[in-house]
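fold the following, please.
(one chain, ligands or ions: 1)
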Amino acid sequence: MGAFGVAFTHIREDSGLVEYAVAVLAIYLLMVLIRRPKNLPPGPTGLPIIGSLHLLGQRPHERLAQMAHKYKPLMSLYLGQKLCIVATSSETAMEFLKTQDNVFSSRPPLRGAEIIFPKDISFSDITPEARQMRKIFHLQLISGRRIEESEHIRAEEIAQMVRSIPSGKVVNVKSCLDAMTANIFTRLIIGKRFMGRSGMDEAEQKELQDFIEITDEIDLLLGTPNPRDLIPAFKWVDLTGLDKRYTNLRSRMESFLSKIIAEHRHKSQKDRVMTVDTHQDFLDTLLHQMDSTDGQEITEQVVTSIIWEAFAAGMETSALVSEWTMAEVLRNPHILKKAQDELDTEVGQTRRVQESDLPKLKYLKAIVKEALRLHPIIPTLVPHQSNAACKAFGYDIPAKTQLMVNVWAIGRDPAVWTNPLDFDPERFLGGDQRHVGTEFAGKSFELLPFGSGRRMCMGMPLGTLLVETGIANLLHCFSWSLPTDLDMSEGVGLSAKKAVPLCAVASSRLPSAVFVN
Ligand code: HEM
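Here you go, the predicted model:
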C-alpha cells in the first residue's frame, strides 16, 4: 500500500467521522467547483473531494509519468483540493526551476513539517531568518572547508566497513552501507559513533535504539501525505491520528537531543560517552552560535530542527544512492570488471582508494551518475509552490499552486536518452555525444537528482563524495557475485527505495595488509 493508501486507511476505520466529513465537504466542493481556475494545463478531471489522489497508486512518480503521456509534459491535477502542476520534460523543468525559479522557490505548508521541523531549512520559505539558518548549515556542515576537515571521518568509517565484510560469505550490502553512512553523519553532526560498536552499556544501547526509531519515524511520517494538507475541510480534525504522531515524535527528538546537548555542554570532549572525535562537531558550532547571540537568532528549538534535518536530508539519501549503484554494477558484470580495471590502473592493488583519487576515476563517476539518472531518490523532488500567479507555456498558473518535477520520468525520457532503461555509464563518456557534458549539479535539466535553482539540494558535494568513495572502496577491495537473481523493484512510497535489500557474496581481491589501514 502506498503512502497515500496508508494515510487513508485510518479514515475508513472511523465511519462516523467520515459521514460528517463527507457532508461538510459536499458543500465545500460546490464552492470549489464554482471557483475553479480556467486555462490550466491539461490533466485528469479528478473526483469530488479527493481530486486525483486515487490515481497516484503506490509509486506516484510512475503513475504521473504514465499520465504525462496522455496529458503532455506540463499537466495539472488536484490532489484533494490542492492544485498541482507536474513538469515531466527537461524544458518544463527548466521553465520552473530556472526561468521562473523565483516564483516557484516557496514550499507548500505541510502540517507534518510544521510540527516535526519548525523553523527548518527544507520545508520553510526562504525568509531572511531562514537565510541565516541556511548560511550556518552551509558554513558549519557542508562547506568545502568543513568537507575537507572531516575527510578522516569518512576514511575511517569506510575502512571500518570494508574490514567488517567477511570474505566468501553472503553479505547484506544495504546494512553495511547504512551503518557506514549513519556513523559518518552521527560523528559529523553530534560527535558520536553508534553503529557496530561492541561493549555498549544499557544506556548506550537505549540511545542507539532511540536514534534508529526516531530517524525511521521521521522518514515514515514525512513520506505519508496528510489529508489535512490537501482537503481544507479536514483542517480542524485529526482523522488519521497523524498530528498526534508528529507531536510525539517531536518530543522524542527534543528529549534525545537535550541529553546530547547537556553532554556537549557539561563534559569535556575527552569525557564524552562514545565520543571519538576531538574537532568541533556541527552541534558544537550551533551551540556556540546560540550562546554568542544569547539565543536571539538560534534557539534550542531551531538547533533541534536543524540537527535532525541534517540527519533526515543526508543520511538515508546517501545510503540509498550507494545501494542502487552497487545493485546496478553487480547485475552488470562487464561494468564491474571495467570499474575494477580502472581502479587497478589508477590506484593499484597495494592501498585502498582515497578521496584524492576520485578525479582520476572517470568511469566510476559515470557509474554513479548513471545510477542517479535511473534511481533519483526523491523522484518528484520536495514539493515547490508558486508564491505569485504566473504564465507558463500559455497557461495561467495561480499563486499557491504546488509544483512537482518528475525527475524520475525525465531521466528515463526516450526522446532524450538512448535505450533509457539500460544501465550504461558509457553514455556520459562519448557513447552518446549528446551526454558527454551532462552533469547532475543542476545545469543539465535532463538529469536532476538533486533538483536545480534556489531549492536545489544543499548537501550534494558531501553526498556524492561519500557515495563515490564508498562505492570505489567496495569495488576495489572485493570481487562480487550474486547468490540469487537480483530483484531491482522499487518499494512503495514517495522516496525511491530498493524493495529488497541488496545481498551479495564478497571475496577479498586485495592483499590483507590493505585492509588493516
Ligand atoms: C546523494 C545523496 C542526496 C540526494 C540524492 C539528495 C537529493 C535532494 C533533493 C532531490 C532535494 C530537493 C530539491 C528540490 O526540492 O528541488 C534535496 C534537498 C535538500 N538536501 Fe539533499 N540529497 C542528498 C544528500 C544530502 C546531504 C548529504 C545533505 C546535507 C547533510 C542534504 C541536504 C539537503 C537540504 C538542506 C535540502 C533542502 C534544500 C532547500 O529546501 O532549499 N542532502 N536533496
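
from the ligand, how far off is Leu475?
Noted for Leu475: a distance of 18 Å to the ligand, by CB to the nearest ligand atom, to the nearest Å. In short, each C-beta sits where N, CA and C put it, glycine included.

now that residue, what's its secondary structure?
State at Leu475, reduced to three classes by DSSP: H, G, I helix; E, B strand; the rest coil: helix.

ok, now which ones touch the nearest residue to it once chain neighbours are set aside?
Spatial nearest neighbour of Leu475, chain neighbours left out: Ala339 (5.1 Å); criterion: CB to CB, 6 or more residues apart in numbering. Neighbouring residues of Ala339 by CB atoms under 8 Å, 6 or more residues apart in numbering: 329, 363-364, 367, 475.

could I get these as JSON lines with pLDDT?
Formatted as JSON lines, those follow (pLDDT from 0 to 100):
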{"residue": "Val329", "pLDDT": "98"}
{"residue": "Tyr363", "pLDDT": "98"}
{"residue": "Leu364", "pLDDT": "98"}
{"residue": "Ile367", "pLDDT": "98"}
{"residue": "Leu475", "pLDDT": "98"}
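
from these, pick the one nearest the ligand.
Within the contacts of Ala339, proximity to the ligand (CB to the nearest ligand atom) peaks at Ile367, which comes in at 13.9 Å.

next one: the residue lying closest to the closest one once chain neighbours are set aside from Gly463, what distance?
Nearest non-adjacent residue to Ile367, counting by CB to CB, 6+ apart: Pro425, 4.7 Å away. Using CB to CB, to the nearest Å, Pro425 is found at 19 Å from Gly463.

got it, and Gln66?
For Gln66, the distance to Gly463 - CB to CB - is 29 Å.

higher neighbour count, those two?
Gly463 (24 against 11; other CB atoms under 10 Å).

quick check: closest non-adjacent residue to the more buried one.
Per CB to CB, 6+ apart, closest to Gly463 is Ser318, 4.8 Å.

ok, then the element right after the helix or strand containing the one you found?
Assigned by DSSP states H and E, Ser318 belongs to helix 300-330. Using DSSP H and E, the helix or strand that follows helix 300-330 in sequence is helix 333-346.

neighbours of the residue in the chain positioned nearest to the ligand, just the number please.
Closest approach between the chain and the ligand, counting by CB to the nearest ligand atom: Gly459, at 2.0 Å. Gly459: 20 surrounding residues under other CB under 10 Å.

need the contact list for it.
Gly459 touches 141-142, 313-314, counting by CB under 8 Å, 6+ apart.

I'd like the distance between it and Ala313.
6 Å.

ok, now Leu47?
34 Å.

comparing those two, which shows the higher neighbour count?
Relative neighbour count places Ala313 above the other of Leu47 and Ala313, with 22 against 13, counting by other CB under 10 Å.

related to what we said a few turns ago, now tabulate the contacts of Gly459 in a markdown table and tack on pLDDT and distance to the ligand.
A markdown table is the format used below for these (pLDDT from 0 to 100; distance: CB to the nearest ligand atom, whole Å):
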| residue | pLDDT | distance to the ligand |
| --- | --- | --- |
| Leu141 | 93 | 6 |
| Ile142 | 94 | 5 |
| Ala313 | 94 | 3 |
| Gly314 | 95 | 3 |
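
including distance to Asp432, could those go into JSON lines?
Putting those into JSON lines (distance: CB to CB, whole Å) gives the following:
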{"residue": "Leu141", "distance to Asp432": "36"}
{"residue": "Ile142", "distance to Asp432": "32"}
{"residue": "Ala313", "distance to Asp432": "32"}
{"residue": "Gly314", "distance to Asp432": "31"}
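
specify which member of the residues you listed is nearest to Glu148.
Taking CB to CB as the measure, Glu148 lies nearest Ile142 of those, at 11.4 Å.

my guess is that closest one contacts Leu462. True?
Yes: at 5.0 Å, Ile142 counts as touching Leu462 under the criterion of CB atoms under 8 Å.

list residues touching both of those two?
Common neighbours of Ile142 and Leu462 are not found (criterion: CB under 8 Å, 6+ apart).

where does this structure come near the ligand, residue by residue?
With CB under 6 Å from any ligand atom as the criterion, the chain meets the ligand at residues 121-122, 142, 310, 313-314, 317-318, 321, 377-378, 381-382, 449-451, 455-459, 462-463, 467.

can you pull the contacts of Phe96?
Here Phe96 is in contact with 87, 104, 384, 392, 403, 405 (CB under 8 Å, 6+ apart).

tell me the SS of it?
With three-state DSSP as the criterion, Phe96 reads helix.

quick one: secondary structure of the residue lying closest to it once chain neighbours are set aside?
Nearest residue to Phe96, sequence neighbours excluded (CB to CB, 6+ apart): Phe104, at 4.8 Å. Going by three-state DSSP, the secondary structure assigned to Phe104 is coil.

if I pick Met404, what's in contact with it?
64, 84-87, 380-381, 383-384.

now, which of these sits nearest Ile218?
The nearest member of the contacts of Met404 to Ile218, counting by CB to CB, is Pro383 at 17.2 Å.

quick check: that closest one vs Asp101, distance?
Pro383 is 15 Å from Asp101, by CB to CB.

what is the end-to-end distance of stretch 113-127?
From its first residue to its last, stretch 113-127 covers 16 Å (CA to CA, to the nearest Å).

pick out whichever of Pro383 and Asp101 has more residues nearby.
Pro383 (20 against 17).

so where's the stretch 251-400 of the chain shaky on pLDDT?
Along the stretch 251-400 of the chain, segments meeting pLDDT under 70 span 267-279, 294-296.

now do the same contact list for the residue nearest to Ala182 when sequence neighbours are not counted.
Spatially, and ignoring its direct neighbours in sequence, Ala182 is nearest to Met195 (5.2 Å; CB to CB, 6+ apart). For Met195, the contact set (CB under 8 Å, 6+ apart) comprises 178-180, 182-183, 208.
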